[in-house]
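**Q** After the sequence you'll find the predicted model.
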Amino acid sequence: MARLKKPVDYIAELQSSSDRNKRRVGEQLKMAYATWTKTLKTEDFLKFLELIQRNKEKIGAAQFFGKFRAFSFEEYVYHVLKTRVRIPKSLNVFWGRRCKVSAGKNGVYGIEADIAIGVEDNAFIKPEIVVDAKVELDASRLKTALASFMLVKAYNRKTRCFLVYIKREVDAALLKLARKWIDGIFEFNAEEKEVKKFIVAVQEALLQKL
């Protein structure tokens, strides 16, 4: 399944709240969302995330807050890939879909990928590229990403796997070790250097498959 609830839905929920403060936050987020989706500048997106963070208490439940931020970052990466990478006509960019990692007599199994570039295969995606997006990257989230990537590569070792994050909360030594198993790890910040490197890495990976 694609993402059933997207950042615009979280914003709309705040805008329709009976709480005046929540409605005000919803309007501010709507404007900030419109800005970054138009410019796709990392700086504008980070301002949007900061606005969510500053209004954490008004936004409410931890689950609401956490998913709102996580899905927002996924959407940002999705739009970056859709607009800044030359995607072959035979492929498409998918957000929040299940990628096939097993197919045999015991049935078909898939794991959800934040973003994938590939082709639809019935209810699943057959990926050429898989991207995991983390707002905060701690040891637990890094291990989860590694496990997912290993399953993807066990099914098709030619699949390229990339990890992008905003804030590092994991030991540098562990992150260095993880680079042996991941095709690219990139920190997104306002300078956009790593974003550009990410775009180049994905583009080169796709060109190798043509």
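**A** Noted; the coordinates are in hand.

**Q** going forward, measure contacts between C-alpha atoms and count neighbours the same way
**A** OK.

**Q** How about residues contacting the helix or strand harbouring residue 128?
**A** Using DSSP states H and E, residue 128 maps to strand 124-137. Outside strand 124-137, the residues that touch it by Cα atoms under 8 Å, 6 or more residues apart in numbering are 69-70, 73-74, 77, 97-100, 110, 113-120, 141, 145, 149, 158-170, 202, 205-206.

**Q** Please apply the same query to stretch 159-179.
**A** By Cα under 8 Å, 6+ apart, the list of residues contacting stretch 159-179 reads 127-139, 142, 145-146, 149, 152-153, 182-189, 205.

**Q** give me the beta-bridge partners of residue 107?
**A** With DSSP bridges as the criterion, residue 107 is bridged to residue 104.

**Q** Give me the helices and strands touching the helix or strand bottoming out on mean pLDDT in the chain, please.
**A** For the chain, counting by mean pLDDT, DSSP states H and E, helix 56-59 ranks last in confidence among helices and strands (a mean of 87). Contact here means 3 or more Cα pairs under 8 Å, 6 or more residues apart in numbering; DSSP states H and E; on that basis helix 56-59 packs against helix 20-39.

**Q** Any chance you could give me the helix or strand just after the helix it packs on in PDB, C-alpha atoms only?
**A** Sequence order places helix 42-54 as the next helix or strand after helix 20-39, per DSSP H and E. The C-alpha trace of helix 42-54 is given here as PDB (Å, rounded to 0.1, in the frame of the first residue of the first chain):
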ATOM      1  CA  THR A  42      16.500  21.500   1.800                       C
ATOM      2  CA  GLU A  43      16.700  24.700   3.800                       C
ATOM      3  CA  ASP A  44      12.900  25.300   3.300                       C
ATOM      4  CA  PHE A  45      12.100  21.700   4.200                       C
ATOM      5  CA  LEU A  46      14.200  21.900   7.400                       C
ATOM      6  CA  LYS A  47      12.300  25.100   8.400                       C
ATOM      7  CA  PHE A  48       9.100  23.100   8.000                       C
ATOM      8  CA  LEU A  49      10.400  20.300  10.200                       C
ATOM      9  CA  GLU A  50      11.600  22.900  12.800                       C
ATOM     10  CA  LEU A  51       8.000  24.400  12.800                       C
ATOM     11  CA  ILE A  52       6.600  20.900  13.600                       C
ATOM     12  CA  GLN A  53       9.200  20.500  16.300                       C
ATOM     13  CA  ARG A  54       8.500  23.900  17.900                       C
END
